[in-house]
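> Structure for the following, please:
(chains A and B)
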Amino acid sequence: MLSRVASNLYWMSRYVERAENTARVLDVTWRMSLLVKEPQLRDQEWFAPLNITGTLFPFSGRHDSVCAREVLHFMALDPDNPSSIYACARTARENARAVRGSITSEMWEVLNSTWLEMQHMDEEKMEQRGVSNFFDWVKERSHLFRGVTFGTMHRDDAYDFARMGTHMERADSTARILDVKYHILLPSVKDVGGAVDYYQWSAVLRSVSAFEAYRKVYRDVITPLKLAELLILRDDIPRSLRFCLKQVCDSLGRVQNAQSVGTLRAAGEVLTGLQCGRISDIFANGLHEYLTEFLESMEKLSQNVQASFFSSRMVE
Amino acid sequence: MAHLPLYNEMFTGDRSVRPHYAAFAEWLAETPAARIAQNRHAADLLFHRVGITFAVYGESSGTERLIPFDIVPHVIPAADWERLARGLRQRVGALNRFLHDIYHRQEILEAGKIPADQVRNNAQFRKEMVDVEVPGGVYAHVAGVDIVRHSDGEYYVLEDNLRTPSGVSYMLENRKMMMRLFPELFAQQRIRPVDHYPDLLVKTLRAVAHNGVDNPIIVLLTPGHYNSAYFEHAFLAQQMGIELVEGADLFVLNDTVFMRTTQGPQKVDVIYRRIDDDFLDPSAFRPDSMLGVPGLLDAYRAGRVTLANAIGTGVADDKSMYPYVPEMIRFYLGEEPILKNVPTYLLRKPDDCKYVLDHLAELVVKEAQGSGGYGMLVGPTSTSEERERYRRRIVDAPERFIAQPTLALSCVPTFVGDELSDRHIDLRPYVLTGSDIHFVPGGLTRVALREGSLVVNSSQGGGVKDTWVVD
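As a prediction, this is how the structure comes out:
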């Protein structure tokens, strides 16, 4: 398939996934902040979503203080913040528009109508609708898009590039969520933790839709070690790092070309680390260090994908 | 062309319903107004969701508009269509013969049927195409012939669009919409289907690959997603299952065209291009074109790739060439033209010029090279000052002008608000030429939504209707 089209498909899916993950993080933050009793501490919660998405710096450039209202607007609706949900919906739709011939009309219609509705969204409407309802809507649109992709798209290279984008973005997002929350996981490795910890941990699980899975897998109270194991090493949790990397490797294997051998090998190395890793070792060497390294290898992998499939230099 | 009352496609002079509209009229009378209003609204929402929009130039970038869709169809009786179809086949056949001739032996010029300088000095005549062999001798693979019905009830050809005619996606989507909203209409009567158009197009494109290419790789070349017709390009590529490419996706190596794919370069055999000649190849035509593919002309001339439509078709749909199409039909086919031309005065002929100058207030005068209504004088609506100014321009360089009687386009009732009101229409059937000539029954009906307006262009407040050929 065309290199440009492959690139558009990959980024289309990445942006849909990014919108969903941002909605998840904001939703959980919103719920958490409602639990905090002291008003002066409430705003502390709102640093997390900025840290997770790496947008604290651009945010501070335009806002004096970090508070619920400002962060919500910046990350959900600000058209000038390229990683806001609004901008992600726009970029996903722009990418889809550039490859309308290569996606099914159902996929296009989902992204197009999402964007049409998003354009009419403002703070007032979001509050009227209920902030959580807005995030539910974003998640539903993303679910719908993935479902439609799964249910209608021809299983050719186009499908693999779209799926690759989804899983690259998701792995990146799960690692970031864990990394930002690692401080609440670390000090209490040996303790069971108090009520606040419980809410923090369950919030992390809920932000990646893994709360129920945790209960099912461990049938136990939430501990940071198990939580990290679930989201990093399990192969049956759709938002775990290992699961995502397995999907990326499968897709990479199917779309292979002469230039992509190194890329596939690099992805395989990351996956092998996840398949053979033990959570106690990861904690012993430092969770933050582990996740930092993981995010760096994802960044490198993303550049490799770019170079081996999307770059026009390869054919000249 | 004498002054007659307007021709109404649905009603006769005494407002009784014409037989081919009877089933629709009955349905309209029986269907509750609320259901019609609701479905008209639903159509708008659906078109928005599907993204059937066109970009508007000159407005802030990314502005996308809907073309207004009207639910009252343009119904054509089968007998009328059969005659139109024969006429289209004949006309496009002759135009393709003409294009082959003028880029080879120029017999029609030798025979003195068309003044040679009209062709050879025409800005649209591409010297690069002289003696180039194109597969099957076909130049205009896709032709969009604009047809109107005048007050005398006769069909006239207004224009032959042989470059990159657009609009066919609206024809297909309008039908889909009508079948979705009012399925009962299609159960009641036999309306000939149109949705196999993409099949016919891909069949046509496959047929014009160069000899020896077994399973040709066909692509659709678009200027990109900021082009006003991008929706159509994407739609057609998808319907045909071919790649939608931009100039930057292609490159030429050793006179062969390749596309850049994730698996490396892949050879391209047929390009259905929706880019004008001038922008196709920056190394041959406009050097500032960012849309084209350097080296494409050489690859084309070397017979390594087919372009549809061919380069240089513009010389045959030029306004100054239009009056000679009936002559082409007689010369190449030895037949009398089935479809009428609008009588056209060529002002370089002294007799025509004198007549036009004496009747400026009744005629439409156009520049032969102009397009899009630019630099036109519409006699009946002009002031005497405008006519005087135009008269001086004509006297200065009469050869630059043509003139035609003002046509009274036929009407079809159209929803304006919640009421039906008569509006002018035209019809653009799409004629495909590969190893054979194919078309789907009907075409795209455009309607001028402003009262009394004769301008059906979408950029100027035009809308569209479904077109039915009924048995």
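
> all contacts plus neighbour counts: C-alpha atoms, from now on.
OK.

> what domains does the record give for the chain?
No chain specified, so I'll use chain A. Domain segmentation of chain A under automatic domain parsing yields A:1-153, A:155-316.

> Switch to chain B, please.
Chain B is divided into the following domains under automatic domain parsing: B:19-210+B:305-336+B:408-470, B:343-405.

> Need the winner for burial among those.
Among the domains of chain B, domain B:19-210+B:305-336+B:408-470 has the highest mean neighbour count (mean count of other Cα atoms under 10 Å in any protein chain shown), at a mean of 19.

> In contact with the residue in the stretch 51-200 of chain B that chain A sits nearest to, which residues?
Nearest residue of the stretch 51-200 of chain B to chain A, counting by Cα to the nearest Cα: B:G51, 6.9 Å away. Applying Cα atoms under 8 Å, 6 or more residues apart in numbering or on different chains, we find B:G51 in contact with A:E109, A:N112, B:F231.

> and what of B:Y390?
By Cα under 8 Å, 6+ apart, the contact list for B:Y390 reads B:L377.

> before we move on, what about the one 10 residues further on?
Each residue near B:R400 by Cα under 8 Å, 6+ apart is listed here: B:L347, B:R348, B:E367, B:A368, B:Q369, B:I394.

> any low-confidence regions in the stretch 201-350 of chain B?
Scanning the stretch 201-350 of chain B for pLDDT under 70 picks out no residues.

> What parts of it come near chain A?
Within the stretch 201-350 of chain B, the positions adjacent to chain A are B:224-225, B:234-239, B:241-245, B:249, B:259-265 by Cα under 8 Å from any Cα of the partner chain.

> Could you pick out the buried ones from these?
Among these, those buried by neighbour count (16 or more other Cα atoms under 10 Å in any protein chain shown) are B:224-225, B:234-238, B:242-245, B:249, B:259-265.

> partners of whichever residue of the stretch 251-400 of chain B sits closest to chain A in the sheet?
Taking Cα to the nearest Cα, chain A has its nearest neighbour within the stretch 251-400 of chain B at B:T261, 3.9 Å off. Partner residues in beta bridges with B:T261, using DSSP bridges, are A:L2, B:G264.

> Just confirm it contacts A:L2, I think it does.
Yes. The criterion here is Cα atoms under 8 Å, and B:T261 meets it with A:L2 at 3.9 Å.

> Same list, the domains of chain B, but as TSV with distance to B:L296 please.
Shown next, in TSV, are the domains of chain B (distance: least, Cα to Cα, whole Å):
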stretch	distance to B:L296
domain B:19-210+B:305-336+B:408-470	9
domain B:343-405	26
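
> And those, which one averages the lowest pLDDT?
Lowest mean pLDDT within the domains of chain B: domain B:343-405, a mean of 86.

> And that domain, end to end?
Start-to-end span of domain B:343-405 (Cα to Cα, to the nearest Å) is 7 Å.

> contacting residues around A:Y10?
Contacts for A:Y10 (Cα under 8 Å, 6+ apart) come out as A:F161, A:A162, A:R163, A:M164, A:G165, A:T166.

> how about the residues of the stretch 1-150 of chain A that lie near chain B?
For the stretch 1-150 of chain A, the residues in contact with chain B (Cα under 8 Å from any Cα) are A:1-4, A:6, A:97-102, A:105, A:108-109, A:112-113, A:116.

> go with 7 Å
Residues of the stretch 1-150 of chain A found near chain B (Cα under 7 Å from any Cα of the partner chain) are A:M1, A:L2, A:S3, A:A98, A:R100, A:G101, A:S102, A:E109, A:N112, A:S113.

> need those residues in a markdown table with neighbour count, pLDDT and distance to A:V217, can you?
Listed next are those as a markdown table, based on neighbours: other Cα atoms under 10 Å in any protein chain shown; pLDDT from 0 to 100; distance: Cα to Cα, whole Å:
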| residue | neighbour count | pLDDT | distance to A:V217 |
| --- | --- | --- | --- |
| A:M1 | 20 | 89 | 41 |
| A:L2 | 25 | 92 | 43 |
| A:S3 | 24 | 92 | 41 |
| A:A98 | 23 | 88 | 42 |
| A:R100 | 25 | 84 | 41 |
| A:G101 | 27 | 79 | 43 |
| A:S102 | 27 | 86 | 39 |
| A:E109 | 20 | 92 | 37 |
| A:N112 | 23 | 93 | 38 |
| A:S113 | 19 | 93 | 38 |
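
> ok, back up a step: return the subset of the residues of the stretch 201-350 of chain B next to chain A lying in strands.
Among those, the members falling in strands are B:E243, B:L244, B:V245, B:M259, B:R260, B:T261, B:G264, B:P265 (criterion: DSSP state E).

> Let me have those residues in a markdown table, extended by distance to A:R69.
Listed next are those as a markdown table, based on distance: Cα to Cα, whole Å:
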| residue | distance to A:R69 |
| --- | --- |
| B:E243 | 46 |
| B:L244 | 44 |
| B:V245 | 44 |
| B:M259 | 49 |
| B:R260 | 47 |
| B:T261 | 46 |
| B:G264 | 49 |
| B:P265 | 51 |
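
> Can you name the two of the residues you listed that sit furthest apart?
Of all pairs drawn from these, the widest gap by Cα to Cα lies between B:L244 and B:G264 and measures 16.9 Å.

> Nearest spatial neighbour of the residue in the stretch 151-300 of chain A that chain B sits nearest to, chain-adjacent residues omitted?
Chain B sits closest to A:N257 of the stretch 151-300 of chain A, with a gap of 5.4 Å, by Cα to the nearest Cα. With Cα to Cα, 6 or more residues apart in numbering or on different chains as the criterion, A:N257 has its nearest non-adjacent residue at 5.4 Å, and that residue is B:Q263.

> Poorly predicted segments of the stretch 201-316 of chain A, please.
Flagging of the stretch 201-316 of chain A using pLDDT under 70 yields the residue ranges A:312-316.

> So which residues of it form helices?
Secondary structure of the stretch 201-316 of chain A (DSSP state H, counting those that start in this stretch): helices at A:211-218, A:224-232, A:241-255, A:261-276, A:279-285, A:287-305.
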